[in-house]
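# Output the structure for:
(2 chains)
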Amino acid sequence: MTLTADFVIATAVAYVGLLFVIAYLGDRHTRSRSGGFLRSPFVYTLSISVYCTSWTFYGAVGTAARNGLEYLTIYLGPTIVFIGWWFILRRLVRISHDQRITSIADLLSSRFGKSSTLAVLITVLAVIAIAPYIALQLKAITSSIEAIAGSSEFGRGSLEGWDEVGLAFGVAAGMAVFTILFGTRNVDAKEQHHGVVAAIAFEAVVKLTALLAVGIFVVYVGGGMDAIFTNAETAGLNIHAGETFGDRWISMMVLAAAAIICLPRQFQVTVVENSDEKHLRTASWAFPAYMLAMSLFTLPIALFGLTFMPVGSNPDMFVLTLPLAQGQDALALFAFIGGFSSATSMIILESIALSIMVSNHIVVPIMLRLTSGDGIGDGQGVRRLILNARRLSIMLILLLGFAYFYLTRGSDALAPIGLISFTGVAQFLPAILASLFWRDASTKAAICAIAVGFVVWLWSSFMPSFASSSPLVATVMTNGPWGIGWLRPQGLFGFDDLDPLTHAVFWSLFLNTTVLILGSLITNQSALEHVQAALFLNVFRRTSNEASPLRGSATADDLFLVARRVLGHQRAVALFSEEAKQARMPWTTLEPSSSFIRRLEREMAGSIGAASAHVMLSKVVSGDSISLEEVMQMADETQQAIEYSQELEKTSTQLRATAEKLEEANRQLRKVDLQKDEFLSQVSHEVRTPMTAIRAFSEILLDEGDLDEDSRAKFVSTIHKESLRLTSLLDEILDLSALERGERAWENRPIDAEESLDQALRVCDALARQSNTQVEIGTRASAAYVRSDPDRLSQVLINLISNAIKYNGAIAPVVEVRSRLKKGAYIIEVKDNGIGIAEEERPRIFDKFYRGRLGETGPYAGAGLGLPISREIISRMDGVLELVSTDEDGACFRITLPLITQSEAGAAQ
Amino acid sequence: MTRRKIIGASLFFTLFGAMASLPPLILLFRFEGFVAGLPIATLFLFGLWVFLVAGAAWFGYALPRDEPHLPPGEDHR
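The predicted structure is shown next:
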């Protein structure tokens, strides 16, 4: 097979025809069914790969040949953005679905209070910034046709007489016709073009296989990857990274990451054409994988081309010229089709995306202003006008691209042209990030920021590209305007040492971001901006009743008129019928609810953009937008409601606390009541025993008259004894209750406690002799001054010692009494060698009326009040009476009293 | 792993990808040498790329699928 220019052009035209068929089938396929295969995540991913244009196909090899690994930045940047899809892309897609966003200008204008100024600014910037990118594609197609024609033995064929410029013009004109036929057949409600996407996905497959085929062929011819690298090194080429990873590397990474979000066509395929948010999940790895496959053979092709091809051949065309040089005409044709694919897909989508922006944000608003909303035309008027505006803007865009190509035809490399476009669209990035994450970003600041970035870009990046064709620009480049040195386009403020690209990226983005931040801090937002900012920020926090930016009343007729003009008769009728059905009202009496007006606005925004839809509806809906005062009032009411509810909460907490306290008091009362009952029943029981005895004996004395004197005396003595016991019991009870109520007051005064102990020992001496108990006096403190009452202390000690004697129970009973001073305390211990107190009795020994086993049965049965009284007395002296456990037999009671200071003791003496 | 942790891990992975492909980390692989006939810097960048693709595939599978509808005022992210 022999390749001629004519044959190649014919193949290209046939290929375009094939694309038409695919787009047509795609459209029909989605219309008849729910989309099926065409709405799969892989078609979505393939359509995103429109990012890989002829810059990737041809230009990357050129970059690799000139600057080594640098070409990878263009793909690594987007890779980072896609693996972080959760944080930026997902938000963009969700917001755009919710708000029916149609383009990047629409997104920003919608966020910044539906500002039409901002939308116009972004549209103008985008159209200008994309011109170099379109020129790049024209240049690539032209160069590839020239490359084939140049190598053909049959000469230029019918291209004879066409120079490069004429050829480029022909290509641009062809592309314009092609795109108009392709992309502007209808105005879709959501601006989704399924047929186009199908064709783009097909092209993505074609360009990938073509590039891989050339790559594999080159590696095969070059004798393997390692051989290519080794040969390149022997040929003196620098194949190591060296100085690659410098400031230029960073700027290109940033630019590429920004471009994948900000390029109008990328926004179109990734966000607007997205039919299902889940597709991002697949695209997040599949798109980086696609780019990886596209770049796999770039470096080998470049290195092999540099070693194999004659010196001076254009490295941008290696993908085409290497197969041609090897005589592989079929492969060369395939490579040409691949390159053609990548260029056409870019041109088609970019001009569709831009034409939507131009018609929605420039043409429709002007038309609205001119007609003041009334004479918009008949039913199809707006739609026809929009389509014509789009056709015209496609021609304009391609013309601009061609103009740029014409003016800069002196430069030869592809990649630098693309980077100029990237820097231009990157100016949208600060505003986009602010719209996603910063509530306070204001419209005025966004407009100023983008304008500043735009101007710096025009000056330091766009204008220098004309230096080769315009002597004036060349002079400004070297000397600065009017000789002002610090304004030189590539040395602003004296930054001469930076790489020109880094210089432009740094200054434009730095000034852009600074103006955005500072501007937002010093300006205020309008009510509508406020509402839109909240909608954007809270996109994942859907509430059913979002605030309506448009309120008020409008008749259904007015609304229908507007809707029909924009959406077309059929869609408008469908919308209104549905609403009428829901409201259960006939058409004519339908009163449009605010939610319906909102829905209508969204539907219309899908066709003509948010700002224009808002303007159109505002004209028929009276009451227009919420005033700032209303918003403030609403905020005030909310604030009041919040405060009121906080107060309620506080009061209820207090009530709860009070209730808890009351409950606790009630519990205490019940406990005390129970104790009182217990006490009464015990006292009655104790009193009853002696009373029974007294009653029984006195009855005998009364009834039996013939009792002898002895018995009578015995009975009277028993009655007397029991009465004494009763009295002493009652005394004890009175004493204890008086002590417990704090009535029995005495004054503690400094005394020598040892004296009280001596007295107690003397009192108990008789009792000890009586019961044959040996009282041992252990170690004694010499003198111990405590604050106490000597009689009461003696009473306690007597009680303890007599208990020890009475309830001893040992064969040779011994009671030991000892005292000592320890750490500021005076301790007296009374210990016996009896059977002691059983473990289970210990906790109860100080309870009222509790008597130990011996006390209950023995000859000295007491009332069981001695120990509780003693403990009460000691505690009134700030001391402790306790039962201590010892290893030896018997019980040991210990009294601990705090010692007083020396000076007080002196006073006592 | 909880929902929040997976999202956190995804953010870290993205930042790691950015750090690894920018100076100063990338300068670690600048020295001149060959592994399997390929320059080390080239091999590193492609290796990193493959790793990022694999990681992204895992996160695409693991990141939460549902969008819980919380009442307004509670940020669930």
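# so how far is the helix or strand A:Thr727 falls within from its chain's centroid?
With elements taken from DSSP states H and E, the one containing A:Thr727 is helix A:709-741. Here the centre of helix A:709-741 is set off from its chain's centre by 85 Å, with C-alpha atoms, centre = their mean, to the nearest Å.
# cool, stretch A:278-298 as well?
Chain-centre distance of stretch A:278-298: 27 Å, with C-alpha atoms, centre = their mean.
# cool, stretch A:326-346 as well?
With C-alpha atoms, centre = their mean, you get 47 Å for stretch A:326-346.
# Over to stretch A:269-284?
Worked out by C-alpha atoms, centre = their mean, stretch A:269-284 lies 22 Å from the chain centre.
# quick one: contacts of that stretch?
A:35, A:39-42, A:44-45, A:47-48, A:50, A:82-83, A:85, A:89-90, A:92-94, A:96-97, A:101-103, A:107, A:190-193, A:197, A:200, A:260, A:349, B:56-57, B:59-61, B:63, B:65 (C-beta atoms under 8 Å, 6 or more residues apart in numbering or on different chains). Glycine gets a C-beta too; all of them are placed from N, C-alpha and C.
# Just the CA atoms of stretch B:5-16, as CSV, please.
Below are the C-alpha coordinates for stretch B:5-16, written out as CSV (Å, rounded to 0.1, in the frame of the first residue of the first chain):
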residue,chain,number,x,y,z
LYS,B,5,-11.5,6.2,58.8
ILE,B,6,-11.8,5.0,55.2
ILE,B,7,-12.5,8.6,54.0
GLY,B,8,-9.5,9.8,56.1
ALA,B,9,-7.3,7.0,54.5
SER,B,10,-8.5,8.1,51.1
LEU,B,11,-7.5,11.7,51.8
PHE,B,12,-4.1,10.6,53.1
PHE,B,13,-3.6,8.4,50.0
THR,B,14,-4.3,11.3,47.7
LEU,B,15,-1.9,13.6,49.6
PHE,B,16,0.7,10.9,49.6
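# for it, which positions count as buried?
B:7, B:9-10, B:13-14, B:16 (16 or more other C-beta atoms under 10 Å in any protein chain shown).
# helices and strands around the helix or strand harbouring A:Arg383, which ones?
For A:Arg383, the element it lies in under DSSP H and E is helix A:381-407. Taking 3 or more C-beta pairs under 8 Å, 6 or more residues apart in numbering or on different chains; DSSP states H and E as contact, the helices and strands that helix A:381-407 lies on are helix A:116-151, helix A:164-183, helix A:329-358, helix A:364-371, helix A:556-567, helix A:594-608.
# try 7 Å
When contacts are defined as 3 or more C-beta pairs under 7 Å, 6 or more residues apart in numbering or on different chains; DSSP states H and E, helix A:381-407 sits against helix A:116-151, helix A:164-183, helix A:329-358, helix A:556-567.
# what mean pLDDT would you report for that helix?
What helix A:381-407 shows for mean pLDDT is 84.
# how about the strands of chain B, start to end?
For chain B, the strands defined by DSSP state E cover B:34-35, B:38-39.
# any idea which helix or strand comes after the helix or strand of chain A with the lowest mean pLDDT?
In chain A, no helix or strand scores lower on mean pLDDT, DSSP states H and E than helix A:853-857, which sits at a mean of 55. Going down the chain from helix A:853-857, the next helix or strand is helix A:866-876, by DSSP H and E.
# can you give me the angle that following helix makes with helix A:709-741?
Helix A:866-876 runs at 30 degrees relative to helix A:709-741, counting by axes from the mean of the first three to the mean of the last three C-alpha atoms, to 10 degrees.
# For helix A:866-876, buried residues please.
Buried, per 16+ other C-beta under 10 Å, within helix A:866-876: A:866-874, A:876.
# which of these lies closest to chain B?
Proximity of the buried residues of helix A:866-876 to chain B (C-beta to the nearest C-beta) peaks at A:Arg871, which lies at 59.2 Å.
# In terms of pLDDT, where does that closest one sit?
Per the predicted model, pLDDT is 87 at A:Arg871.
# do A:Asn186 as well
So A:Asn186 comes in at 62 (pLDDT).
# cool, A:Leu800 as well?
pLDDT, A:Leu800: 87.
# Whichever helix or strand it is part of - contacts with which helices or strands?
Using DSSP H and E, A:Leu800 falls within helix A:790-806. Judged by 3+ C-beta pairs under 7 Å, 6+ apart, helix A:790-806 is in contact with helix A:753-770, strand A:814-822, strand A:825-832, helix A:866-876.
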